[in-house]
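1. here is a sequence with its predicted model. Questions after.
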Amino acid sequence: MNRLPFLFAMLLLCLLVSPVVGDKFGKHKLVANSDLTAPAAPAPATQSGRPRVAVKSSTARKTPSKPSASKTSIRKKSAGKSVKTASLHRAPVVSAPLPNFSGSAMEEFASRLQAEGRNLRLHGVYVERWDTGHPVAQLNENAVFNPASVIKLATTLAALDRLGPNHRFRTEFRAAGHINPQTGELIGNLMLVSGRDPSFSIRDAQAAGDALRAMGIRKVTGSLVVVGNFVCNENSRTDVSAGVFRRQSKITFLGQTQFVPAASELQQMPLLLTVESDSLLNIARYLNAHSSNAMADMLAQHVGGPTGVRSFLVVKLGLPYEATYISHGSGLDVNRLTPRDTVKVLRALVDRLHNHHLRLETVMPIAGMDSGTLAGRFAETEFTGSVLAKTGTLHDTDNGVAALAGVMNTRQCGALLFAVYNMAEGRRVLHLRRVQDDLLKRLMNECGGPIPLALRNETDTMFRPQSRLMMR
């Protein structure tokens, strides 16, 4: 009995000195203060809970001494298969102090964001010289952000690599039946065989309808049968696009529209006419200038969809798999790239075009000149023609995103490749565009001032792709 107090005391002493076992996957990591409400621990990536923005240190990439939670692979199920996706945190993790800014432009940029009460770790900048690759400005350049529609540049690059700049898309119209010239009827179905043309327009639908009526087809006793995915008038839904064609063609269809993924007997059906698109080069210029989501998503289908775009970036450009995530070729919803990797995409795009003796303005808009999302930016006389860029805007996803990536030309530093990503933190996205423009203008002035990189004549600034009809 006398030993019981002694044993009890020893047990209590062991409990007091024994270490507390924490979560080995970083449960107790310090999380940066932010206006965004988010749990400290990362949530798994699922269909309903998409990957979140993870902001790392802005210092140069280093190989970690041991695996951490931020590098843990997350797997999700899709269509019955296990698909590896990027491991992305819900909240930014502090791993190093903020960098010392070199240059008044970056200092003013950071001070402005902080004065507005913003979390500086939710903003990324990377600018480098085209000739030497030397960094000119950087902030969180190795952190992953949502690039929004800047992803369209990656889709453009992947498509140019796969198809070539002169590729044209063909939409065929075939008759599953015979034409009665006395009654002006196609006795049977009209087959619309989609070549997944991203640029098929109302004007194309009207031209096809005019040509079919000229052949003596004013009425179809059967159905309009759409084979494959079809885009008309920049509408991503095939059923809606088919409805647009039915109305604009001015042909009477007695049957309902049918949709089939493929038809093996197509070659036996008489070819009536073909709508051939403009070149891929011109289509890319328009979709990037106007940031057409439907066109970009359709274009991505020619390279394997979002998965194909991501594979291109990882395999051919060497971007890190864990920091590259593509859910839509248009940049809708959740996507991830770092500012530094975005500049790699830009550099590869310039190189790809150069191999075809083409310049960047053949696929990207000139700020302040071309119609589209950049029409009113960098429009001052001294900046005219000095910036080629792609915008990115999301108002709800990731609490809002403003993105801008491209090339700006300066007198002393030459061409500068840049990527600027600003998370809106639940506030107005449009304000951040002015913040971005002010940063880039100051950087250009620090490099001796802007100088034109590309110019267009006034009529070419309103460019639209032009398709052509090819009769049987």
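-> On my side now, so go ahead. From a predicted model like this one, the values you see are computed outputs, not experimental measurements. Numbering: from 1, shown residues only.
2. what about stretch 164-176, start to end distance?
-> Across stretch 164-176, the straight-line distance between its terminal residues is 33 Å, by CA to CA, to the nearest Å.
3. which parts of it are buried?
-> Buried positions in stretch 164-176, judged by neighbour count with 16 or more other CB atoms under 10 Å: 165, 168, 169, 171, 172, 173, 174, 175, 176. Heads up, the C-betas are built off the backbone N, CA and C, glycines and all.
4. that's a helix at residue 138, yeah?
-> No - assignment of residue 138 by DSSP: H, G, I helix; E, B strand; the rest coil gives strand, placing it outside any helix.
5. separation between it and residue 317?
-> When CB to CB, to the nearest Å is the yardstick, residue 138 and residue 317 sit 20 Å from each other.
6. who's more crowded, these two?
-> For residue 138 versus residue 317, neighbours defined as other CB atoms under 10 Å are more numerous around residue 138 (21 against 17).
7. so the closest residue to that one other than its chain neighbours bridges to which residues?
-> Here the nearest residue to residue 138 in space, its sequence neighbours aside, is residue 126; by CB to CB, 6 or more residues apart in numbering that works out to 5.2 Å. For residue 126, the beta-bridge partners are residue 138, residue 419 (DSSP bridges).
8. surely residue 126 meets residue 346?
-> No - because the distance of 10.3 Å does not satisfy CB atoms under 8 Å, residue 126 is recorded as not touching residue 346.
9. shared neighbours of those two, which are they?
-> With contacts defined as CB atoms under 8 Å, 6 or more residues apart in numbering, the residues shared by residue 126 and residue 346 are residue 419.
10. please parse the protein into its domains.
-> The record's domain split for the chain, according to automatic domain parsing, is 104-165+281-462, 170-277.
11. reformat the ones you listed as JSON lines; add mean pLDDT and distance to residue 469.
-> Shown next, in JSON lines, are the domains of the chain (pLDDT from 0 to 100; distance: least, CB to CB, whole Å):
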{"stretch": "domain 104-165+281-462", "mean pLDDT": "97", "distance to residue 469": "17"}
{"stretch": "domain 170-277", "mean pLDDT": "96", "distance to residue 469": "6"}
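12. just say which of the ones you listed is most tucked in.
-> domain 104-165+281-462 (a mean of 21; mean count of other CB atoms under 10 Å).
13. now do the end-to-end distance for that domain.
-> Distance across domain 104-165+281-462, first residue to last, is 37 Å (CA to CA).
14. excluding its backbone neighbours, what's nearest residue 366?
-> The shortest distance from residue 366 to any non-neighbouring residue, by CB to CB, 6+ apart, is to residue 454 (5.3 Å).
15. wait, doesn't that neighbour sit right on residue 388?
-> Yes - contact status for residue 454 versus residue 388: in contact at 6.2 Å, counting by CB under 8 Å.
16. overlap in contacts of these two?
-> Taking CB under 8 Å, 6+ apart as the contact criterion, the common neighbours of residue 454 and residue 388 are 360, 361, 366.
17. about what we covered before: which one of the domains of the chain lies closest to residue 470?
-> Go through the domains of the chain one by one with CB to CB and the one that ends up closest to residue 470 is domain 170-277, at 4.3 Å.
18. can you give me how far that closest one is from the chain middle?
-> Relative to the centre of its chain, domain 170-277 is centred 31 Å away, using CA atoms, centre = their mean, to the nearest Å.
19. middle-most residue in the protein, spatially?
-> Averaging the C-alpha coordinates of the chain gives a centre point, and the residue nearest to it by CA atoms, centre = their mean is residue 151 (2.1 Å).
20. report all helices and strands that the one helix or strand it maps to contacts.
-> For residue 151, the enclosing helix or strand under DSSP states H and E is helix 151-163. On a contact count with 3 or more CB pairs under 8 Å, 6 or more residues apart in numbering; DSSP states H and E, helix 151-163 meets helix 280-290, helix 293-300, helix 305-311, helix 339-355, strand 387-394.
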